[in-house]
Each structure stands twice: as structure tokens, then as C-alpha cells.
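**Student:** need a structure here:
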Amino acid sequence: MTAAVFAVVGLVALAVQHVVVPYTQPFWGLFDNQLDLDVYRAGAQVVLDGGSLYDAKLLGQMDYTYAPISIPFFIPFAWMSFEVARVVWCAGIVVALYAVIMRSFV
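**Tutor:** Residues are numbered from 1 along each chain as shown. Okay, here's the model as predicted:
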């Protein structure tokens, strides 16, 4: 397949996804929820503040249920505002997706 065919297939997939789950839908939208990112950031902030990761209630009511090995990766995100962290996180996802797609053609 050529690059043009992949581009068309990708655009059609985006259009279908937008109809099924609009990007702006408050809970399931592509860019609006980011609850996991917020919990990871809150967990990293607890560790930075010297608290107990698994005893703290994050975001008022949530427990940290992820592996503790994830905390060092999310410490830089704890230093950012949520809006900046969300942009960096989404950009990282796009870069990782691109790398995986390119790797599949090698």
C-alpha cells in the first residue's frame, strides 16, 4: 500500500471515531478525560511531599492502584500544570504511536 492509501484509511478511521465517540465528549473524548494521568501526577506529588503513596486519597477520593515503579516517570509531570502535562502526555502518545507504526514496516 502507498502512503496515500494509509493517509486515507487513517482519516476515515478518525472520522468514524469522531462519529462514534466525539473528541469533545466530556468523559470518553480523546483529549478531555485524562483521569489516569491526573492520578499518576497526584501519586508522584504525594511521593515528592514525603507521603505514603498507598495510604493517600488522591484527588479527594481515589486510591493509587498502579505499580510504584511508575512514580519516577511521572515526577516531571507533577511539576507541570495539568494542562501542560496533558499536552506533553498526548504528544508523547502520538510520538510513541508513530514509532510503533514505523517500526512495523522495518
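**Student:** got the end-to-end distance for stretch 48-64?
**Tutor:** Start-to-end span of stretch 48-64 (Cα to Cα, to the nearest Å) is 15 Å.
**Student:** can you give me how far that stretch is from the chain middle?
**Tutor:** 20 Å (Cα atoms, centre = their mean, to the nearest Å).
**Student:** convert the C-alpha atoms of the least confident helix or strand in the chain by mean pLDDT to PDB, please.
**Tutor:** Taking mean pLDDT, DSSP states H and E as the measure, the chain has helix 3-20 as its least confident helix or strand, at a mean of 87. Coordinates of the C-alpha atoms in helix 3-20 are reproduced here as PDB (Å, rounded to 0.1, in the frame of the first residue of the first chain):
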ATOM      1  CA  ALA A   3       1.400   6.400   1.800                       C
ATOM      2  CA  ALA A   4      -1.700   8.000   0.200                       C
ATOM      3  CA  VAL A   5      -3.800   4.900   0.900                       C
ATOM      4  CA  PHE A   6      -2.600   4.800   4.600                       C
ATOM      5  CA  ALA A   7      -3.400   8.500   4.900                       C
ATOM      6  CA  VAL A   8      -7.000   8.000   3.500                       C
ATOM      7  CA  VAL A   9      -7.500   5.000   5.800                       C
ATOM      8  CA  GLY A  10      -6.300   7.000   8.800                       C
ATOM      9  CA  LEU A  11      -8.600   9.900   8.000                       C
ATOM     10  CA  VAL A  12     -11.600   7.600   7.600                       C
ATOM     11  CA  ALA A  13     -10.800   5.900  10.900                       C
ATOM     12  CA  LEU A  14     -10.600   9.300  12.600                       C
ATOM     13  CA  ALA A  15     -13.900  10.400  11.100                       C
ATOM     14  CA  VAL A  16     -15.600   7.100  12.200                       C
ATOM     15  CA  GLN A  17     -14.100   7.500  15.700                       C
ATOM     16  CA  HIS A  18     -15.400  11.100  15.900                       C
ATOM     17  CA  VAL A  19     -18.900  10.000  15.000                       C
ATOM     18  CA  VAL A  20     -18.900   7.100  17.500                       C
END
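**Student:** if anything else comes up later, I'll come back, but that's it for now.
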